[in-house]
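[1] Attaching a predicted model along with its sequence, questions to come.
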Amino acid sequence: MALPDSWLSPIPTPSHSHAATASERQNTLTKPPGSLGQLEQLAITLCGQQHTDQPSADRVHMAIFAGDHGVCDEGISAFPQAVTAQMIGNFAGGGAAISVMARQLGAALEVVNLGTVGDVAEGLPGVIDARIRPGTRNFALEPAMTELEVAAALQAGDAAAERAHRAGADLFIAGDMGIGNTTSASAIACQLLGQPPESLTGPGTGLNAEGVRHKAAVITKSLARHGSDTAPLAVLASLGGLEIAAITGAILGAASRGIPVLVDGFIVSVAALVACKQQPELQHWLHFAHHSAEPGHKAVLQALMAQPLLNLGMRLGEGSGAAVAVPLLRAACALHNQMASFASAGVSDQSGD
Ligand SMILES: O=C(O)c1ccc[n+]([C@@H]2O[C@H](COP(=O)([O-])O)[C@@H](O)[C@H]2O)c1
Ligand SMILES: Cc1cc2nc[nH]c2cc1C
């Protein structure tokens, strides 16, 4: 299985001229310059990314990537692995948090099944069968995936970005579902940021303090087995998850097709970190929705120089934090597109005219 083009081909840069025009427009609108704070830069950045003077976050494409984790054998999650497959059913049935939010936003929602331990019924609506294996191997004992399996997961992510492109999406959101994936994401973050597991390991779905200590010890053991290689493909193969690799491929695929990405919480941010390590230009395509309650997220956000829009104590995954931030992007676009200028409204500007 070959790597997707977006893994090696340069990521395009957003349009400087559209961003410059948008920046000038922001200063003509009937408000003190800068008074809409981050919403101003949001609209300016979207104009550059979308090559337009009229940015939009109307057409949102959400893809939830699901997969199981062999490292669950080490007792690192508060929930059983069976939940991953069961939640795929819940996404399809419309009862998950992200299902509700997708309906509320009028967003397209698809679920990409990379492989679970539990059975998933055939032909569920909106579920794409991209099964590679029934969960990763236990990376405390052996590499989680082969590089061929990583390539297949990256391709599955890229395929979701291609569907978003074909659907004319203004914005791409990746979500994750995988019991045990905070252990994988924490291990990857430790490896890439050179930080100790004690500082990046947290409760995930709800471990107590003793559980978090045990989880950090499992990560320490796994990192020792992995060694010092920080190459993105090697890190994904050694410590990754099927869904984390797929999200990495999806984010790169969206940016390479000119679609801005709204990054969700801890898991998706770690996938973004891997993707930025492979393609540093990717950073110009990322918006960060929220600061997850998972403690490791802070260091990952800092490494990505991210300024997340929200901090609501959320730690669900599924793309839910990104979904909650979509109305902010829509507000930024509406303000940019519809506000009157000082001249058109006859309001005195700073020069006193
Ligand atoms: O993305 C986050 O910020 C986040 C933080 C904590 C937990 N999660 C979700 O919880 C699951 C992983 O938790 P755990 O404890 O099983 O590793 C997985 O399905 C994630 O979507 C997600
Ligand atoms: C119920 C449940 C829903 C989730 N959604 C994302 N991660 C999850 C973990 C659990 C346990």
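    Cool, got the structure. Residues are numbered from 1 along each chain as shown. Ligands and ions are numbered 1, 2, ... in the order given.
[2] Which residues of the chain lie near ligand 2?
    79, 83, 87, 177, 205, 316-318 (C-beta under 6 Å from any ligand atom). To be clear about C-beta, it is placed using only N, CA and C from the backbone, and glycine gets the same treatment.
[3] quick one: the strands in the stretch 151-300 of the chain?
    Along the stretch 151-300 of the chain, counting by DSSP state E, counting those that start in this stretch, strands occupy 171-177, 261-263, 286-288.
[4] Tabulate those strands in CSV, adding columns for mean pLDDT and mean neighbour count.
    Shown next, in CSV, are the strands of the stretch 151-300 of the chain (pLDDT from 0 to 100; neighbours: other C-beta atoms under 10 Å):
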stretch, mean pLDDT, mean neighbour count
strand 171-177, 99, 30
strand 261-263, 99, 27
strand 286-288, 98, 24
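[5] would JSON lines of these with distance to residue 253 be doable?
    Output for the strands of the stretch 151-300 of the chain, formatted as JSON lines (distance: least, C-beta to C-beta, whole Å):
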{"stretch": "strand 171-177", "distance to residue 253": "9"}
{"stretch": "strand 261-263", "distance to residue 253": "10"}
{"stretch": "strand 286-288", "distance to residue 253": "13"}
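[6] Could I get those in a markdown table, plus columns for distance to ligand 1?
    Listed next are the strands of the stretch 151-300 of the chain as a markdown table, based on distance: least, C-beta to the nearest ligand atom, whole Å:
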| stretch | distance to ligand 1 |
| --- | --- |
| strand 171-177 | 5 |
| strand 261-263 | 10 |
| strand 286-288 | 12 |
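[7] on that earlier part again, mind picking the one among the residues of the chain next to ligand 2 that's closest to residue 305?
    Checking the residues of the chain next to ligand 2 against residue 305 with C-beta to C-beta, the nearest one is residue 317 at 22.8 Å.
[8] what sits against the closest residue to that closest one other than its chain neighbours?
    In this structure, residue 317 finds its nearest non-sequential neighbour in residue 176, 4.9 Å apart by C-beta to C-beta, 6 or more residues apart in numbering. Residues near residue 176 by C-beta atoms under 8 Å, 6 or more residues apart in numbering: 64-66, 243-244, 247, 264, 267-268, 271, 317-319.
[9] let's see 6 Å
    With contacts defined as C-beta atoms under 6 Å, 6 or more residues apart in numbering, residue 176 is in contact with 65, 243, 267, 317.
[10] Please report how far it lies from residue 192.
    Separation of residue 176 from residue 192 (C-beta to C-beta, to the nearest Å): 17 Å.
[11] Give me the three-state assignment for residue 112.
    strand (DSSP: H, G, I helix; E, B strand; the rest coil).
[12] Quick check: it touching residue 64?
    No: with contact defined as C-beta atoms under 6 Å, residue 112 does not reach residue 64; the gap is 7.0 Å.
[13] still on that earlier bit, which members of the residues of the chain next to ligand 2 are positioned in strands?
    residue 177 (DSSP state E).
[14] Show the buried residues in the residues of the chain next to ligand 2.
    83, 87, 177, 205, 316-318 (16 or more other C-beta atoms under 10 Å).
[15] Mean confidence (pLDDT) on stretch 57-73, please.
    Taken as a whole, stretch 57-73 has a mean pLDDT of 99.
[16] Find me the pLDDT at residue 351, would you?
    65.
[17] confidence score at the spatially closest residue to residue 270 that is not a sequence neighbour?
    Among residues not flanking residue 270 along the chain, residue 185 sits closest, at 4.1 Å (C-beta to C-beta, 6+ apart). We have a pLDDT of 99 for residue 185.
[18] can you pull the contacts of residue 185?
    Per C-beta under 6 Å, 6+ apart, neighbours of residue 185: 266-267, 270.
[19] Sort out for me which of the residues you listed are in helices.
    Among the contacts of residue 185, the ones falling in helices (DSSP state H) are 266-267, 270.
[20] Out of the residues you listed, which comes closest to residue 60?
    Looking across the ones in helices among the contacts of residue 185 and measuring by C-beta to C-beta, the closest to residue 60 is residue 267, at 19.0 Å.
[21] Need the nearest residue in space to that closest one, chain neighbours excluded.
    Closest residue to residue 267 apart from its sequence neighbours, by C-beta to C-beta, 6+ apart: residue 176 at 4.3 Å.
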